[in-house]
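Chemist: structure, please.
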Amino acid sequence: MPLSAEKINEAKDEARRYLEYTTFVLACILGVDTDELEHPYTAPGDGSSDDHSEHLSLAAQVEALSKIQQ
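Modeler: Numbers count the residues shown, from 1 in each chain. Alright, predicted model coming up:
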């Protein structure tokens with residue numbers, strides 16, 4: 001049974017809210033200014049810092065959020 005348009009929109013809204021929340025939390029943990037956070041987000045540094053993978057995760061979340069908001 002295919003999903004109705006209403007169910008699809010509900011799922012997209014839930015995904016958007018989840019991504020907004022987790023992106024905000026991760027940015028706060030990393031000390032990134034959430035007011036300046038937008039796609040494309042580039043991880044700072046040359047990849048040698050301990051939190052580089054977390055910044056890459058933040059970049060992926062920002063990209064996903066920008067796609068779901070379109």
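
Chemist: and the residue nearest to the spatial centre of the chain, how far is that from S48?
Modeler: Most central in the chain under Cα atoms, centre = their mean is Q61, positioned 2.5 Å from the mean C-alpha point. Counting by Cβ to Cβ, to the nearest Å, the separation of Q61 from S48 is 22 Å. Bear in mind the C-beta positions are built from the backbone N, C-alpha and C, glycine included.

Chemist: how about A15?
Modeler: 33 Å.

Chemist: more crowded one of these two?
Modeler: Ranked by neighbour count (other Cβ atoms under 10 Å), A15 and S48 place A15 first, with 13 against 6.

Chemist: residues in contact with that one?
Modeler: I68 (Cβ atoms under 8 Å, 6 or more residues apart in numbering).

Chemist: what do you get for Y41?
Modeler: 55, 58-59, 62-63.

Chemist: again, but for A27
Modeler: 33-34, 37, 58.

Chemist: got any ranges where the chain has weak pLDDT?
Modeler: 47 (pLDDT under 70).

Chemist: check the offset of the helix ranked longest in the chain from the chain's centre.
Modeler: With secondary structure taken from DSSP state H, the chain has its longest helix at helix 5-30. Helix 5-30 sits 8 Å away from the centroid of its parent chain (Cα atoms, centre = their mean, to the nearest Å).

Chemist: ok and the helix or strand just after that helix relative to helix 5-30, angle-wise?
Modeler: For helix 5-30, the succeeding helix or strand toward the C-terminus, using DSSP states H and E, is helix 52-68. Counting by axes from the mean of the first three to the mean of the last three Cα atoms, to 10 degrees, helix 52-68 lies at 150 degrees to helix 5-30.

Chemist: so what touches helix 52-68?
Modeler: 12, 15-16, 19-20, 22-23, 26-27, 29-30, 32, 37-45.

Chemist: got the CA positions of it in CSV?
Modeler: Extracted C-alpha coordinates of helix 52-68, given in CSV (Å, rounded to 0.1, in the frame of the first residue of the first chain):
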residue,chain,number,x,y,z
HIS,A,52,37.5,16.7,12.3
SER,A,53,35.3,13.7,11.8
GLU,A,54,32.6,15.4,13.9
HIS,A,55,32.9,18.5,11.7
LEU,A,56,32.5,16.2,8.7
SER,A,57,29.3,14.8,10.3
LEU,A,58,28.0,18.3,10.8
ALA,A,59,28.7,19.1,7.2
ALA,A,60,26.7,16.1,6.1
GLN,A,61,23.8,17.0,8.4
VAL,A,62,23.8,20.6,7.1
GLU,A,63,23.7,19.3,3.5
ALA,A,64,20.9,16.8,4.3
LEU,A,65,18.9,19.6,6.0
SER,A,66,19.3,21.9,3.1
LYS,A,67,18.0,19.2,0.7
ILE,A,68,15.0,18.4,2.9
